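Chemist: need a 3D model of the sequence below.
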Amino acid sequence: MWLVATKKKISAPHKDHAELFRDAILALEAKRKSRIFCFIEGEGDHICPQHTLPRIFHLRDQLQNLKTLEILIHSSGGNAGAAYRIAKFFRRRCKTLNVIVPFQAKSAATLMCLAADNIYLSEYAELGPIDVQVTDHLERGAHPFSPLDEFKSLEFLRDYAIGSLDYFTAVLLERSGMSIKEALHESIPCITALMRPMFEKIDPLKFGEHKRMLSEGEEYAQRLLKAAQNSNHVEVAAKLVENYPVHDFVIDLEEAEELGLPVKVLDNAEFEMLQESMRGLAHQGFYGFVQQKRKRTAQKGLAVVPKAVARATA
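Modeler: Okay, here's the model as predicted:
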């Protein structure tokens, strides 16, 4: 989701994507009076301890005592523990922490957003639920699933049992003339026999294991929200883990606001600048600050390409 139709085209034909991106970020920094750290993951990348953490921590010398730090995020998610560590890393190094999401910050990237004082979302942006995704190659194959599936299944069985008991009891009352006590006495054994085979398939040990997995993401969320002084940190974290039917559910601007997150609308002109300039980073990604333009050299008349920008075009 990189391109959205807009009325105005910003790109200049003579500029490559790296220059366009650098100019856009520098213009936004000047306008917003902040430093913008770019956390843009390339195609197929995800937040992980082995690769993402070293990339971010390597730049720690550039992240010291900042007044307002803004993280430009584009990510489909990844490891919750790594996202939590990155969020705390940014939180410790500035007075005010904002997050800018033009397109998507899903799953673990949503977790990162929870540490922010303000979350700027475009009208096309989306966050997502933070229920952890796991794999069970032995029983389920390579396709990841949410441990929340078991809890939702248990909720369904519970509601189904109650509904069936109500139905059986009502039928007996209507057709047999029994008292309520007699109807319940006859209905309960029927419902027990109906539900027992399904409940017996539940493995308490695996159920407990999956509960702990879900608690990990919820606990991380609570702590990050609390650090951002969100008074409803317990309630918001629980909703982000439990309230959505699928992991890919879209949490847009309005939904995030209803959840109680500190969201603000990303200015449309700023979004257009980011949309056009980020297009060239769709495959390789970019982590870090962009550097100020350097003056042309006296001998060759060529602009010196900043290392950070050069890495983005490699």
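
Chemist: which residues in this protein form strands?
Modeler: For the chain, applying DSSP state E gives strands covering 35-40, 66-74, 94-101, 104-105, 118-121, 126-127, 134-136, 141-145, 263-265, 286-288.

Chemist: for the third one, list every residue counted as buried.
Modeler: Same thing as strand 94-101. Using 16 or more other CB atoms under 10 Å as the test for burial, strand 94-101 gives 94, 97, 98, 99, 100, 101. Quick note: C-beta positions are derived from backbone N, CA and C, even for glycine.

Chemist: pipe these into a markdown table and attach pLDDT per row.
Modeler: As requested, the buried residues of strand 94-101 are arranged in a markdown table below (pLDDT from 0 to 100):
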| residue | pLDDT |
| --- | --- |
| 94 | 94 |
| 97 | 97 |
| 98 | 98 |
| 99 | 98 |
| 100 | 98 |
| 101 | 97 |
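
Chemist: quick check, nearest of these to residue 289?
Modeler: residue 94 (12.9 Å; CB to CB).

Chemist: now the strands of the chain as CSV including distance to residue 257?
Modeler: What follows is the strands of the chain, written out as CSV (distance: least, CB to CB, whole Å):
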stretch, distance to residue 257
strand 35-40, 23
strand 66-74, 18
strand 94-101, 14
strand 104-105, 16
strand 118-121, 9
strand 126-127, 11
strand 134-136, 30
strand 141-145, 29
strand 263-265, 5
strand 286-288, 29
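
Chemist: relative to residue 132, how far out is the residue nearest in space to the middle of the chain?
Modeler: By CA atoms, centre = their mean, the chain has its centre lying nearest to residue 110, at 2.3 Å. From residue 110 across to residue 132, the span is 12 Å (CB to CB, to the nearest Å).

Chemist: could you do residue 91 as well?
Modeler: In terms of CB to CB, residue 91 sits 22 Å off from residue 132.

Chemist: these two: who's more crowded?
Modeler: residue 132 (25 against 17; other CB atoms under 10 Å).

Chemist: how much space separates the more buried one from residue 219?
Modeler: Taking CB to CB, one finds residue 132 at 11 Å from residue 219.

Chemist: check residue 107 too.
Modeler: 16 Å.

Chemist: so who does the residue nearest to the centre of the chain touch?
Modeler: 77, 127, 128, 129, 130, 240, 251 (CB atoms under 8 Å, 6 or more residues apart in numbering).

Chemist: count of neighbours near the last one?
Modeler: The one in question is residue 251. 25.

Chemist: my guess is it meets residue 259, correct?
Modeler: Yes: counting by CB atoms under 8 Å, residue 251 touches residue 259, with 7.2 Å between them.

Chemist: quick one: the helices in the stretch 51-200 of the chain?
Modeler: With helices called from DSSP state H, counting those that start in this stretch, the stretch 51-200 of the chain shows them at 52-57, 80-91, 108-113, 148-176, 180-199.

Chemist: starting at the chain centroid, how far to the fourth one?
Modeler: Helix 148-176 has its average C-alpha position 35 Å from the chain's average C-alpha position, going by CA atoms, centre = their mean, to the nearest Å.

Chemist: which residue of this protein lies farthest from its centroid?
Modeler: Extreme point of the chain relative to centroid (CA atoms, centre = their mean) is residue 177; 56.1 Å.

Chemist: where's it relative to residue 169, distance?
Modeler: 13 Å.

Chemist: what's the answer for residue 17, then?
Modeler: In terms of CB to CB, residue 17 sits 68 Å off from residue 169.

Chemist: okay, these two: which has more neighbours?
Modeler: residue 169 (21 against 18).

Chemist: so the more buried one makes contact with residue 181?
Modeler: No: using CB under 8 Å, residue 169 is not in contact with residue 181, being 10.4 Å away.

Chemist: picking that back up, name the nearest of the contacts of residue 110 relative to residue 214.
Modeler: Nearest member of the contacts of residue 110 to residue 214, counting by CB to CB, is residue 130, at 9.4 Å.
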